[in-house]
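Asker: This is the structure alone, sequence omitted:
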């Protein structure tokens, strides 16, 4: 038995953004950038370790909106066109940078990279959900999912039917795509409120994740802190985040991604080059945007006079940081194991998009961590939460505290002066959905059933924590506000039509075509 366990958790989530009516909506780029920057590179490193016989173990959470977008034919076609355009731009960059050897070398790097990504994309026929399923079936990954639209549960506990719908709908969608029940569930924003575990038990979920203070402030003192899970009264396990290992990556001051040799995310030729050159590869109205071609290193304390990125130096740093991360985990496990009757489990959850999209060298770092854990030591063993529960089925009984992993640890990120106005609409719509489900429980009219299912979709899309998060952070606030209002307005119109007994079928068909998430949703879950 090892001295300690390491459970890496990568949570992959994006808001549901799909605009068949307008291919130029800039927010659709979020998905394309994440596929190129994170999802395809992660698949490549996982497949590489599998081919090399490295027994990695990693938990990947694919949110329900992300699963839907990754399997949507329209978005897959648009991404394939986007990738072809990146290769076309890379070919132009090879010509443009010929007189500048340092930049030309990077242009060659990007040309090879995007060709490699396209090869991986085509090998999986554009179905990355199927790629993750194959990796899970091979034994390296444990793929789980999240609540249906990443709703923030602690602010929704006045309507448990709405919470139940989020849990059941997500579990059903996962089973449809992965051929099995999800073993765990990522609660949106790690937002836990006592009682949620009862809903998870209903769909046979074994575990979920919370931030460290949810465990430390449980209703009784956790004997092993966050280094062993606790069982809720329902038997569902809660795993707590280890801040020590997480901050080595996340910390703004000391985190690895801030090393000056790593690639700078913000310097991009989409902003640096003349519009007449870069114009065909950015927004057709001339709005500057990221292209993925970034030629500079972070270069501490310098905004404009930056070093030219050196991929060899960055590659070396990734290996050194992986060694440092591994070494610290070994010391941590040895220190903790002295006071425990089992190996401590170090749970390190991250937004998946950190690795590759924001931190370009992140996937290389992860690959090096796993390879070093396999070849260079015997103290730490990678593990998934399910494997841990199989090995150590006896754990302390306690109820975690209400919590999140957002700003200050509770609900401030999702209810403050910028977004508090949304909640009255979310609560009112949720109560109306319960009313509709109870009134129309045995509906047989096909149009009425379609309207009820679409009303449930619009409610869930309005409940997404993404909109209130964006309003709080001040990034793309007009888009988030518009999306929230659209879903509330559509829900309200459907509610009024159903109440009057006269559904506008052309209108219903138009919003079904646009908000086509959860095709098999059962609106009757709201009547429970």
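Answerer: Yep, that arrived. In this text, all values refer to a predicted model and were calculated from it rather than measured experimentally.
Asker: Just name the shakiest helix or strand of this protein by mean pLDDT.
Answerer: None of the helices or strands of the chain scores lower by mean pLDDT, DSSP states H and E than helix 243-250, at a mean of 86.
Asker: got the buried residues for that one?
Answerer: 245, 246, 248, 249, 250 (16 or more other C-beta atoms under 10 Å). Every C-beta, even on glycine, is put in place using the N, C-alpha and C of the backbone.
Asker: cool, and stretch 44-61?
Answerer: Buried residues in stretch 44-61 (16+ other C-beta under 10 Å): 44-47, 49-50, 54, 56-61.
Asker: Could you let me know which of the buried residues of helix 243-250 ends up closest to residue 209?
Answerer: Residue 209 has its nearest neighbour among the buried residues of helix 243-250 in residue 246, at 11.7 Å by C-beta to C-beta.
Asker: Specify the next element, helix or strand, located C-terminal of the least confident helix or strand of the chain.
Answerer: Toward the C-terminal end, the helix or strand that comes next after helix 243-250 (DSSP states H and E) is helix 269-272.
Asker: Is residue 216 in contact with residue 223, as I believe?
Answerer: No. The criterion here is C-beta atoms under 8 Å, and residue 216 misses it with residue 223 at 11.7 Å.
Asker: Which parts of the protein belong to which domain?
Answerer: 4-71+127-263+309-405, 416-527 (automatic domain parsing).
Asker: Could I get the average pLDDT for the shortest one?
Answerer: What that stands for is domain 416-527. Taken as a whole, domain 416-527 carries a mean pLDDT of 96.
Asker: Equivalent analysis for stretch 192-207, please.
Answerer: 96.
Asker: ok so, going back, what's the least confident helix or strand of the chain packed up against?
Answerer: helix 311-337, strand 345-351 (3 or more C-beta pairs under 8 Å, 6 or more residues apart in numbering; DSSP states H and E).
Asker: Run the chain-centre distance for it.
Answerer: 18 Å (C-alpha atoms, centre = their mean, to the nearest Å).
Asker: The longest strand along the chain packs against which elements?
Answerer: Longest strand in the chain, counting residues (DSSP state E): strand 4-12. Secondary-structure packing of strand 4-12 (3+ C-beta pairs under 8 Å, 6+ apart): strand 58-62, helix 311-337, strand 345-351, helix 362-375, strand 380-382, helix 385-391.
Asker: The last one: what's the following helix or strand?
Answerer: This means helix 385-391. Assigned by DSSP H and E, the successor of helix 385-391 is strand 396-397.
Asker: Just checking the distance from that following strand to the centre of its chain.
Answerer: 29 Å.
Asker: So, low pLDDT: which residues of the stretch 301-450 of the chain?
Answerer: Along the stretch 301-450 of the chain, segments meeting pLDDT under 70 span 301-303.
Asker: Same question for the stretch 151-300 of the chain.
Answerer: Looking at the stretch 151-300 of the chain by pLDDT under 70, you get 252.
Asker: What are the boundaries of the strands in it?
Answerer: 184-186, 207-210, 230-231, 237-240 (DSSP state E, counting those that start in this stretch).
Asker: re earlier: out of the helices and strands packed on helix 243-250, the one nearest residue 180 is which?
Answerer: So among the helices and strands packed on helix 243-250, strand 345-351 is nearest, using C-beta to C-beta, at 21.9 Å.
Asker: The closest one to strand 58-62, inter-axis angle?
Answerer: Here the directions of strand 345-351 and strand 58-62 differ by 40 degrees (axes from the mean of the first three to the mean of the last three C-alpha atoms, to 10 degrees).
Asker: Give the pairing partners of strand 345-351; include direction for each.
Answerer: Applying DSSP bridges, strand 345-351 is found paired with strand 4-12 (parallel).
Asker: by contact count, what packs against the next helix-or-strand element following the partner strand?
Answerer: Going down the chain from strand 4-12, the next helix or strand is helix 29-34, by DSSP H and E. For helix 29-34, the elements it packs on are helix 73-96, judged by 3+ C-beta pairs under 8 Å, 6+ apart.
Asker: List the buried residues in the helix it packs on.
Answerer: Those would be 75, 76, 78, 79, 82, 83, 86, 89, 90, 93, 96, for helix 73-96 by 16+ other C-beta under 10 Å.
Asker: Chain neighbours aside, what residue packs nearest to the second one?
Answerer: Meaning residue 76. residue 126 (4.5 Å; C-beta to C-beta, 6 or more residues apart in numbering).
Asker: what do you get for the third one?
Answerer: Nearest non-adjacent residue to residue 78, counting by C-beta to C-beta, 6+ apart: residue 23, 6.4 Å away.
Asker: now do the fourth one
Answerer: The spatially closest residue to residue 79, leaving aside those adjacent along the chain, is residue 32, at 5.2 Å (C-beta to C-beta, 6+ apart).
Asker: Now for the one you found: which residues touch it?
Answerer: 78, 79, 82, 83 (C-beta atoms under 8 Å, 6 or more residues apart in numbering).
Asker: Distance of the third one relative to residue 90?
Answerer: What it means is residue 82. 13 Å (C-beta to C-beta, to the nearest Å).
Asker: Also the second one?
Answerer: Separation of residue 79 from residue 90 (C-beta to C-beta) stands at 16 Å.
Asker: re earlier: which parts of the longest strand of the chain are buried?
Answerer: 4, 5, 6, 7, 8, 9, 10, 11, 12.
Asker: Reformat those residues as a markdown table; add pLDDT and distance to residue 108.
Answerer: Below are those laid out as a markdown table (pLDDT from 0 to 100; distance: C-beta to C-beta, whole Å):
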| residue | pLDDT | distance to residue 108 |
| --- | --- | --- |
| 4 | 97 | 42 |
| 5 | 98 | 41 |
| 6 | 97 | 36 |
| 7 | 97 | 38 |
| 8 | 97 | 32 |
| 9 | 97 | 35 |
| 10 | 97 | 29 |
| 11 | 97 | 34 |
| 12 | 97 | 30 |
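Asker: coming back round to it: please identify which of the buried residues of stretch 44-61 is nearest to residue 268.
Answerer: Using C-beta to C-beta, the buried residues of stretch 44-61 come closest to residue 268 at residue 44, 22.4 Å.
Asker: element containing that closest one, please.
Answerer: Applying DSSP H and E, one finds residue 44 within helix 40-52.
Asker: How many neighbouring residues does the closest residue to residue 456 other than its chain neighbours have?
Answerer: Computed as C-beta to C-beta, 6+ apart, the closest residue to residue 456 that is not its neighbour in sequence is residue 523, at 4.6 Å. By other C-beta atoms under 10 Å, the residues close to residue 523 number 23.
Asker: circling back: which among the helices and strands packed on helix 243-250 is found nearest to residue 175?
Answerer: strand 345-351 (23.1 Å).
Asker: distance between that closest one and the chain's centre?
Answerer: 14 Å.
Asker: Repeat that for stretch 113-125.
Answerer: Distance, centroid of stretch 113-125 to centroid of chain: 21 Å (C-alpha atoms, centre = their mean).
Asker: pLDDT on it, on average?
Answerer: 97.
Asker: buried sites along it?
Answerer: Of the residues in stretch 113-125, those buried (16+ other C-beta under 10 Å) are 113, 114, 117, 118, 120, 121, 124.
Asker: So which of the residues you listed are in helices?
Answerer: Secondary structure from DSSP state H places 113, 114, 117, 118, 120, 121 of the buried residues of stretch 113-125 in helices.
Asker: Now distance to residue 17 too, for those, in CSV please.
Answerer: Output for those, formatted as CSV (distance: C-beta to C-beta, whole Å):
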residue, distance to residue 17
113, 25
114, 22
117, 21
118, 22
120, 23
121, 20
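Asker: follow-up on the earlier one: looking at the domains of the chain, which is buried most?
Answerer: domain 4-71+127-263+309-405 (a mean of 20; mean count of other C-beta atoms under 10 Å).
Asker: End to end on that domain, go ahead and measure it.
Answerer: 24 Å (C-alpha to C-alpha, to the nearest Å).
Asker: again with stretch 148-166
Answerer: Start-to-end, stretch 148-166 (C-alpha to C-alpha) is 5 Å.
Asker: gap between residue 118 and residue 74?
Answerer: For residue 118, the distance to residue 74 - C-beta to C-beta - is 19 Å.
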